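Engineer: The sequence isn't on hand, but the structure is:
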C-alpha cells in the first residue's frame with residue numbers, strides 16, 4: 001500500500017534539522033524535478049498555468065529488504081538498475097502530472113490497450129524502455145566493441161586498445177548529449193537539472209530552502225549521474241585492459257575479436273558499475289587537491305547536462321525537496337516508533353492505493 005501526498009502548491013520553508021544532512025538524490029524531468037530522500041520520493045512539476053503540483057510517496061530501498069544489496073561494490077550495480085527503473089517511472093509520472101497525455105486515446109490505442117490488458121501510457125513507456133536499452137547497447141557496447149576489434153588489428157597493447165575504446169565511448173556520449181541539447185524542451189530539462197543541484201547544495205549547507213539561498217551555488221554537483229557515467233567509462237578502460245590481458249594469456253590468442261569484447265563488456269558491467277559507484281561516493285565525501293583533480297573531469301562533463309536555472313525552476317526543485325524530506329522524516333519516525341515530526345508544509349490530503 002502506497003501513501004501519496006498530493007499538494008496543489010508548496011510554499012514556505014521546512015525547519016532545518018539539527019542532524020547532519022543525508023544524501024539526497026534527484027532527477028530533472030519535463031518541467032520539473034524529482035527528489036529522493038532516504039524513505040520518500042517526491043516529484044514536482046510546474047503546469048502550463050504556472051501552478052506547482054507535487055506528489056510524494058514512500059520509498060523503501062532494496063538494501064532495507066535485502067541487506068546484501070547494501071554491501072559495498074554490490075550496491076553500485078543494484079542502484080544502477082534500480083535508478084534506471086525509477087527514472088523511467090519518474091518520467092511517466094511527471095508527464096501524467098503535467099496533463100500532456102490527457103487527450104482522448106485513438107481507436108487504435110484503445111484496441112491495443114484492450115488486447116494487451118494495459119493502459120496505453122504503460123505500453124508507450126514499456127516500448128520506450130526497450131528502445132532506450134537497445135540504443136544504449138548499440139552506442140556503448142556494440143560500436144565500441146567493433147571499434148576495439150578494428151583497432152586491435154594495428155595495436156596489440158590491451159591498455160592502448162581499451163584507451164581508444166574509452167575515448168570512442170566518451171566521444172559518443174558527448175555527441176549524443178550535445179545533439180539532445182539542441183532540442184528546446186531538453187534545454188529546459190537541463191536547467192531543471194541545475195536547479196536540482198543548487199537545491200541539494202542549499203540543503204547540504206543547512207540553509208533555508210529559498211531561491212535566493214539556492215541561487216548562490218553552482219549547477220555542478222560531485223554526486224551527479226553524469227559524473228558516474230564518466231567514471232564508468234574511465235574504470236572500464238583500466239579494468240578492461242587487465243581482463244583483456246588475462247584472456248589473452250589464458251587462451252594464447254594474439255588479439256580479441258568483436259564477440260569476445262562484446263561478451264566481456266556485458267559480463268563485467270556489474271563489476272564496473274560497483275567500482276564506479278564506490279569511487280563516486282568516495283570522491284563526493286572527501287576533499288583535497290587530489291580529490292578535486294579527480295572530480296574535475298566529471299564536473300566538466302556536467303556542463304553539457306546542466307544549465308543555469310531561473311528562480312521559477314528553483315522553486316519547483318525546492319517543492320520536491322521539501323515534500324520528500326517531510327514524508328521521509330515521518331516514515332523514519334514511524335519506523336522508529338517515535339512521534340511524527342511537524343513541518344511547515346501546508347495540509348495535504350493522503351490517498352491510499
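Structural biologist: Sure, I can see it. Everything numeric in this text was worked out from a predicted model, so none of it was measured.
Engineer: ok, how many other residues are close to residue 65?
Structural biologist: By other CB atoms under 10 Å, 9 other residues sit near residue 65. The way it works is simple: take the backbone N, C-alpha and C, and place the C-beta from them, glycine included.
Engineer: any idea how far it lies from residue 337?
Structural biologist: According to CB to CB, to the nearest Å, residue 65 and residue 337 sit 20 Å apart.
Engineer: Likewise for residue 283?
Structural biologist: Using CB to CB, residue 283 is found at 37 Å from residue 337.
Engineer: neighbour-wise, which of the two wins?
Structural biologist: residue 283 (19 against 6).
Engineer: does the nearest residue to that one once chain neighbours are set aside belong to a helix or a strand, and which?
Structural biologist: Excluding its sequence neighbours, the residue lying closest to residue 283 (CB to CB, 6 or more residues apart in numbering) is residue 295, at 5.1 Å. Assigned by DSSP states H and E, residue 295 belongs to helix 289-302.
Engineer: Pull the distance from that helix to the chain's centre.
Structural biologist: 19 Å (CA atoms, centre = their mean, to the nearest Å).
Engineer: list the buried ones in it?
Structural biologist: By neighbour count on 16 or more other CB atoms under 10 Å, the buried set for helix 289-302 is 294-295, 298-299, 301-302.
Engineer: for the stretch 201-350 of the chain, which spans come out with low pLDDT?
Structural biologist: 342-350 (pLDDT under 70).
Engineer: got the phi/psi numbers for the residue lying closest to residue 87 once chain neighbours are set aside?
Structural biologist: Leaving aside its sequence neighbours, residue 87 sits nearest to residue 27 (CB to CB, 6+ apart; 5.9 Å). Main-chain torsions, residue 27, degrees, to the nearest 10: phi -160, psi 140.
Engineer: On the three-state scheme, the closest residue to residue 194 other than its chain neighbours is what?
Structural biologist: Nearest residue to residue 194, sequence neighbours excluded (CB to CB, 6+ apart): residue 219, at 3.4 Å. Counting by DSSP: H, G, I helix; E, B strand; the rest coil, the backbone at residue 219 sits in coil.
Engineer: Do I have it right that residue 219 meets residue 190?
Structural biologist: No - the pair residue 219 / residue 190 is not scored as a contact, 9.0 Å apart, by CB atoms under 8 Å.
Engineer: Name the residues contacting each of these two.
Structural biologist: Residues touching both residue 219 and residue 190 (CB atoms under 8 Å, 6 or more residues apart in numbering) are 306-307.
Engineer: And residue 143, how close does it get to residue 175?
Structural biologist: Taking CB to CB, one finds residue 143 at 12 Å from residue 175.
Engineer: More neighbours: which of these two?
Structural biologist: Taking other CB under 10 Å, residue 143 and residue 175 do not tie; residue 143 has more neighbours (15 against 11).
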